[in-house]
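Enquirer: Coordinates only, no sequence provided:
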């Protein structure tokens, strides 16, 4: 006699619970995961089409990395954290520099890893202080 997926999942979890102590919450979670895994395997065995799984916001951003640089935040595509600026220090946790990060996620190298609002503030500040002209004059002086 064939057993149902629920019965099979219960037997698997019962065997696991006999080996390692588990809380009721852990048992419930493992039972659900086991049932879903058995259901997926059964569907593949019977040639049924797989259910479409909704993608998380991070997965969607990973498909279009440039969209991770938003108006008031930058989403780190490595772990999904949000910040105003992605620095080398932040990316060092993942063994990356900003250049390597941009290459990995196909972000143009000239694109700053800072929120657009912050970039705009910096640009305005630099223009107000005439930093472009000062830099141009300093380069010309150095070239002489």
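Expert: Structure's in. What do you need? Here the structure is a predicted model, which is why all the values come from computation and not from measurement.

Enquirer: Next SSE downstream of the worst-scoring helix or strand of the chain on mean pLDDT?
Expert: Every helix and strand in the chain was compared by mean pLDDT, DSSP states H and E; the lowest is helix 24-45, with a mean of 84. With elements assigned by DSSP states H and E, the helix or strand that comes after helix 24-45 is helix 57-63.

Enquirer: list the buried ones in that following helix?
Expert: By neighbour count with 16 or more other Cβ atoms under 10 Å, helix 57-63 contains the buried residues 61-62. Every residue, glycine included, has its C-beta placed from N, CA and C.

Enquirer: Contacts for that helix, please.
Expert: Residues from elsewhere that reach helix 57-63, judged by Cβ atoms under 8 Å, 6 or more residues apart in numbering: 67-68, 75, 77, 80, 105.

Enquirer: re earlier: who are the packing partners of the least confident helix or strand of the chain?
Expert: With contacts defined as 3 or more Cβ pairs under 8 Å, 6 or more residues apart in numbering; DSSP states H and E, the packing partners of helix 24-45 are helix 5-19.

Enquirer: The helix it packs on - contacts with which helices or strands?
Expert: Other elements packing on helix 5-19 under the criterion 3+ Cβ pairs under 8 Å, 6+ apart are helix 24-45.

Enquirer: Give me the angle between the helix it packs on and helix 5-19.
Expert: Inter-element angle recorded for helix 24-45 and helix 5-19: 140 degrees (by axes from the mean of the first three to the mean of the last three Cα atoms, to 10 degrees).

Enquirer: returning to what we had before: of the contacts of helix 57-63, keep whichever come out buried.
Expert: For these, burial is judged from neighbour counts taken by 16+ other Cβ under 10 Å, and it is met by 68, 75, 77, 105.

Enquirer: For the residues you listed, work out which two are farthest apart.
Expert: With Cβ to Cβ as the measure, no two of the buried ones among the contacts of helix 57-63 lie farther apart than 75 and 105, at 10.8 Å.

Enquirer: Low-confidence regions, this protein specifically.
Expert: Regions of the chain meeting the criterion pLDDT under 70 cover residues 1-2, 49-54.
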